[in-house]
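Undergrad: What follows is a protein structure lacking sequence information:
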């Protein structure tokens, strides 16, 4: 374990990693996370934090005993493979994952991150003769070059132009706009999320995914559903696809698949869509993809979610936490919050502007609760707590939010009064 001080680590960040990241750390007090267990993060000085952030990775919490044990056993036996001989843990992880996917999605291509899963889907679409990409405004699919092309955010795209050609963006939740684009050409690949996570927890109208699937079938388009953040129980269902009983051609999986222990993601396809990769196993490869240690984590993660009923637990927790958060925010600072929304344990608090959102994030941090801002919607604070939250954890979260909202409302009321006095 490192014995360096916070100042020393910030200095190393400035020298070797990112000055911008170092400045943000200084603003937040320079705390360093060095250990974790369950729903909690611990810093170098022993301070305990409740983790309701982590960008959706920790549905199982930190260091789940079964996932950790599987990974340790694999590390001690055979952590990485030669990629020459058959390796059984990949086959077993694929079987386990395919056992919980929507019907027909049986072909698994493992990768190391969500962005890589998106890249694999783009390449597979091209191999199928579907090079014309369509994604949605506010959508987030990663920041590698192909994935960034689909991530409709100029802030991230402009420094790296030109990106992939032949991409169009349509409003999220608007099937008529999608139909208009699909009717103008052919050989399309449509990529959408069941709920836009980084877009600010944007929930589409009921029936939207079913309509997207219908339009893709009518126009011969490939239907890719990005469940990197929403899948494996985050929404209180195994998949966002299950909520409307749709079957995409390709399903993207990540974040929760890691079990919060080892990074791993996957692209899962129907047999028909997977045909190009099925014919040539070397068409799209990666040295570290499907590593035995990652496969051990993935297998154990799916088993834990099933055996411990974490999908149902996420649904139950979400149904109690979401209205409680909404009640706190609307009662204590209605002039600062514009919406509280979500499904399952993907919850967004939209504030009046980005500055207020940052203030609320820091107020929660002072009360030792970790949350995320949304990368495509900085006014929205996003909560993605573990499905292993206890009653004590839930009380901690709501008490901290109550105190943070009270402090924020008082400060903003003072600012508002001062401003009015000056104008008078």
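TA: Yes, it's here. If you're wondering where the values come from, they're calculated on a predicted model, not measured in any experiment. Numbers count the residues shown, from 1 in each chain.

Undergrad: Could you tell me how far the nearest residue to residue 375 once chain neighbours are set aside is located from residue 232?
TA: In space, and not counting its chain neighbours, residue 375 is closest to residue 198: 4.3 Å by CB to CB, 6 or more residues apart in numbering. Yep, even glycine has a C-beta here, placed from its N, CA and C like the rest. With distances taken as CB to CB, to the nearest Å, residue 198 is found 17 Å from residue 232.

Undergrad: and what of residue 246?
TA: Counting by CB to CB, the gap from residue 246 to residue 232 is 17 Å.

Undergrad: just residue 11 next, same as before
TA: Separation of residue 11 from residue 232 (CB to CB): 39 Å.

Undergrad: of the two, who's got more company?
TA: residue 232 (30 against 13; other CB atoms under 10 Å).

Undergrad: That one in helix, strand or coil?
TA: coil (DSSP: H, G, I helix; E, B strand; the rest coil).

Undergrad: Nearest spatial neighbour of it, chain-adjacent residues omitted?
TA: residue 256 (4.0 Å).

Undergrad: Repeat that for residue 298.
TA: Residue 298 sits nearest to residue 93 (CB to CB, 6+ apart), 4.4 Å away.

Undergrad: May I ask you to confirm that the one you found belongs to a strand?
TA: No. The assignment for residue 93 (three-state DSSP) gives helix, which keeps it out of a strand.

Undergrad: where does it land on pLDDT?
TA: For residue 93, the pLDDT comes out at 98.

Undergrad: Surely it and residue 300 touch.
TA: No. With contacts counted by CB atoms under 8 Å, residue 93 stays clear of residue 300, the gap being 9.3 Å.

Undergrad: gap between stretch 154-165 and the chain center?
TA: 22 Å (CA atoms, centre = their mean, to the nearest Å).

Undergrad: and if you look at stretch 254-263?
TA: 11 Å.

Undergrad: got it, and stretch 77-85?
TA: When distances are taken as CA atoms, centre = their mean, stretch 77-85 is centred 29 Å away from the chain's centroid.

Undergrad: first to last residue in it, what's the distance?
TA: Terminal residues of stretch 77-85 lie 16 Å apart, using CA to CA, to the nearest Å.

Undergrad: how about it: buried residues?
TA: Buried residues in stretch 77-85, counting neighbours by 16 or more other CB atoms under 10 Å, are found at residue 81.

Undergrad: Name the residues of stretch 395-408 that are buried.
TA: 396, 397, 398, 400, 401, 402, 403, 404, 405, 407, 408.

Undergrad: again but with stretch 104-113, I slipped
TA: For stretch 104-113, by 16+ other CB under 10 Å, it's 105, 106, 107, 108, 109, 110, 111, 112, 113.

Undergrad: What's the mean pLDDT across that stretch?
TA: 98.

Undergrad: cool, and stretch 409-423?
TA: On average, stretch 409-423 scores 56.

Undergrad: Please enumerate the helices of the stretch 251-400 of the chain.
TA: Using DSSP state H, counting those that start in this stretch, the helices of the stretch 251-400 of the chain run over residues 275-279, 292-307, 310-332, 354-366, 391-423.

Undergrad: which one of those helices lies closest to residue 163?
TA: Nearest to residue 163, of all the helices of the stretch 251-400 of the chain, is helix 275-279, at 22.9 Å by CB to CB.

Undergrad: Now tell me what touches that closest one from outside.
TA: The contact list for helix 275-279 (CB atoms under 8 Å, 6 or more residues apart in numbering) reads 107, 109, 124, 127, 128, 269, 271, 283, 284.

Undergrad: Noted, bye for now.
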